[in-house]
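Novice: all I have is the shape, not the residue letters:
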């Protein structure tokens, strides 16, 4: 084995297209304000160029460039305007769409150009020579106007396989007219790494300019295809944060860059940029309102989470034997999951993560391990309910659980009248003791759990006004033993936030209401404890 | 470019580890019933071997093998029991864990074995030669007992980079003792395709037996790494459906196989298996209760979805210019055209499956397609609810839905008293019209849904004694839009049996009770119709 990384010394230019190609994702709808909020995060990540959109074609993209010029300070990062080569049979400087690219004020213009002769003839409905002229004219005109020009050769790989000479002629036309980079696009996303390597190397052998790679993940190989292109000589990579994009998405830029920098020895982002990748990836998820994907390489919440109890003691001694990269290099962290196979070592590690030092406390560790196994046999699961596990730990460490309130009873009722509107009337009444008083409170809701949640909060608010900030953000229900239908044990997982932190609790019971009640009350107790509130 | 696919003529053995390594995923907790439901779906997909779990170490896996032997007919598909080599300093036939592997009755045993000398010394706390003896002894013993043995060489790639001779010695020990396959595992998941290719080729040059690949997705390259191993001579691939697994997951088996079969010309699954990949992937998601990932290659809901844009007419005329593979090869569909031919064709097919001949009935097909799309936009899913789909079809074919009863109203109430036993009192009252009478009936249960189910049955029994045979056997709840906590839309899936057939229905609503009521009443209606009962 060679020990020198394969790309040591290679500098790769990183081009982000989250705001343009990423925004094509099904269900994503970015406002101008969203784009203005995302761009500085991309600059923080340290990409070289941010593609902002297609001014002229998409009105909100026109507005984005206008406002970006006034409102954003992106430092050394350049904005790129995306657009198309001139129309067939016209002149570049008469083309309104090309004019809009200039008017955007972006220093970089990225032109999408056809390089697959079939698309030239069937989609563009023109001929091969005219398409080459469209590329050459538009590039030459924009370069003459002082813009740096990148050409995205659309459907390049499929085109090359069908007619390599024509695809190469399109690349040559772009470079001859002054394009600084030609990006080879796997527009349909179906290439595999060996094919990408072979074709990029062949183009490299025929071209002097900078080659780029634009990959989609349709075959599940977008990251690998991008790396294969770099190995074959491309020094410009395009991708999106969180792999957003049409169909299966674009190449996930963070995974591409982390592999390039941490494994292959290349330089890509501004130094230090990668260190914040997890925070930036999650901040962008908040803006796009698309839940982060826990299994995302490098920056997913589960990416460095370990479950195996068997090896916990070895993990503690030698973490590098159990992780492919240092999670702190991308701003992530190793996490231990408490599960089925929980052993004392993994519980000790998990405790440390939650702020409990259990080293040497063999009696506590023994009791906790026993309780976890017991609880899991009943249907609890702690690997997705850190807050419930922290409450259990605290109870064993302190000897008792803090009593924020005592429940006397609750009652929930739902009345369904099919011809009324709304057709359901759900209400809950709780009777409990808190803050030295007996409280009876009623809540309504769109269903039984919602009504119970409202009644419980209303009852506790006088004694604990802090819970006004808590908001339920996710709620999952599952039946554990499915062999008995509605007689089975119900498990509820709840996620709560106070606007800053998010915590998860679990409840089980013979029915959804008892299970929900346990998870709801644990979520309130954990939230209060985390804020340092004492029982009143 | 070569036109012959790179792996034409290569036969690859597909080994599924969804039930063992996939089940390690954070938040996943499969019951024995879940595993028994997933295994036949894997057999339908056409994998060669299904790894069922670790009998002896995990009690529910021991039970899985016991019940699988009696309850499952998997045809030619073999079950594999996963376990470890014998303990250091002992003998294989004295090892309780090895004994449990034999007792499982599985014809194939997969042994995890250390091949990285650092793990041998620091995690196993033994020495190199003893670990080789542990491999050889355990393999030899199990082969002598008539089992086919696969050895999973854990941390193989990291081990090879650190000490190639030792890693190769572990492989040699396994083959010499009679292992039919040695799987090279990228346990930490950080390899990149070029490194995998280089190492697998080097092992291949030194070994005569079958080599396998087990990849994790930590660098975002699990699929590409698996393909690289096959290109270098491996002919056994391991993976999980939907890429389930610890951290970032295992190699997504469907993407691996689709690339192997559709792009590289290899044979992998039983012929025809891949055609149902999307349905099987989604059915397994329903069982694991983990939402399908829309951007999943090949089988994701968005994988072949095209935003209708500039080239819509070109896409319609020449779809192959805009998609990397034919979506029907994996049971998926190009979504932009779903309103025209593709949607109708699949509904016609599905109708035929359910006993409705819709060929040529363009008006009915059009109406059904429209209603299905409408319902799915509201949150219904028909993938896992054939009976609900059949009711919808029948309604459109007959022009109206049979009215077995008319609901006037129902009311459910749950009272929780923490110091009583049982602590919950749940009751429901339904008022409905059936058999020419107005009926008021009350039911009790261990929770609100159970009480409602009991009340509904009690009310309908006089008019429809047939429902006495119906039994609810599964009940699943999911919130569809998780951005509003308990305010989101609830979806309930119910499975009912009459002792012979099993049918599934779906209900949605603003709360669990309304959703359950819809699924429960559809399940009764479908059951009655299936028995030829007319409304009374």
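Specialist: That came in fine, so what should we check first? Owing to the predicted nature of the structure, the values given are computational and were not obtained by experimental measurement.
Novice: quick one: mean pLDDT over the helix or strand harbouring residue A:138.
Specialist: Using DSSP states H and E, residue A:138 maps to helix A:128-144. Helix A:128-144 carries an average pLDDT of 98.
Novice: what's the burial count for residue A:505?
Specialist: Neighbour count for residue A:505, taken as other C-beta atoms under 10 Å in any protein chain shown: 27. Glycine gets a C-beta too; all of them are placed from N, C-alpha and C.
Novice: show the end-to-end separation of stretch A:141-148, please.
Specialist: Start-to-end span of stretch A:141-148 (C-alpha to C-alpha, to the nearest Å) is 11 Å.
Novice: now do the very next helix or strand once past the helix holding residue A:138 and helix A:128-144, the angle between them.
Specialist: As assigned by DSSP H and E, the chain's next helix or strand after helix A:128-144 is strand A:148-154. Using axes from the mean of the first three to the mean of the last three C-alpha atoms, to 10 degrees, the inter-axis angle of strand A:148-154 relative to helix A:128-144 is 160 degrees.
Novice: so for the helix or strand following strand A:148-154, mean pLDDT?
Specialist: With elements assigned by DSSP H and E, the helix or strand that comes after strand A:148-154 is helix A:156-162. The average pLDDT within helix A:156-162 is 97.
Novice: same question for stretch A:403-415.
Specialist: Stretch A:403-415 comes out at a mean pLDDT of 94.
Novice: also stretch A:247-265?
Specialist: Here the average pLDDT along stretch A:247-265 is 97.
Novice: find the closest residue to chain B in the stretch 251-400 of chain A.
Specialist: Using C-beta to the nearest C-beta, residue A:324 is the residue of the stretch 251-400 of chain A that sits closest to chain B, at 2.3 Å.
Novice: name the element that residue belongs to?
Specialist: Counting by DSSP H and E, residue A:324 is part of no helix or strand.
Novice: from chain B, how far off is residue A:153?
Specialist: 15 Å (C-beta to the nearest C-beta, to the nearest Å).
Novice: that residue against residue A:115, yeah?
Specialist: Yes: look at residue A:153 against residue A:115 with C-beta atoms under 8 Å: they come within range, at 4.1 Å.
Novice: what do those two both touch?
Specialist: By C-beta atoms under 8 Å, 6 or more residues apart in numbering or on different chains, residue A:153 and residue A:115 have these common neighbours: A:159, A:167, A:170, A:171.
Novice: which two from those end up farthest apart in space?
Specialist: A:159 and A:171 (10.3 Å; C-beta to C-beta).
Novice: shared neighbours of the two, anything?
Specialist: With C-beta under 8 Å, 6+ apart, residue A:159 and residue A:171 have common neighbours A:115, A:153.
Novice: for chain B, what is the nearest residue in the stretch 101-250 of chain A?
Specialist: residue A:190 (2.3 Å).
Novice: could you pull up the mean pLDDT of stretch A:515-529?
Specialist: Per-residue scores along stretch A:515-529 average to 94.
Novice: that one close to chain B?
Specialist: Yes: judged by C-beta under 8 Å from any C-beta of the partner chain, stretch A:515-529 comes into contact with chain B through residue A:517.
Novice: list of residues touching that stretch?
Specialist: Stretch A:515-529 is contacted from outside by A:387-388, A:390-391, A:394, A:401-402, A:404, A:407, A:410, A:449, A:452-453, A:456-457, A:460, A:464, A:466-467, A:470, A:472, A:475, A:477, A:490-494, A:496, A:498, A:503, A:505-509, B:416, using C-beta under 8 Å, 6+ apart.
Novice: please pick the buried ones from these.
Specialist: Using 16 or more other C-beta atoms under 10 Å in any protein chain shown as the burial test, the contacts of stretch A:515-529 include A:387-388, A:390-391, A:394, A:404, A:407, A:410, A:449, A:452-453, A:456-457, A:460, A:464, A:466-467, A:470, A:472, A:475, A:477, A:490-494, A:496, A:498, A:503, A:505-509, B:416 as buried.
Novice: so of those, which ones are in helices?
Specialist: Counting by DSSP state H, the part of the buried ones among the contacts of stretch A:515-529 found in helices is A:387, A:388, A:390, A:391, A:394, A:449, A:452, A:453, A:456, A:457, A:460.
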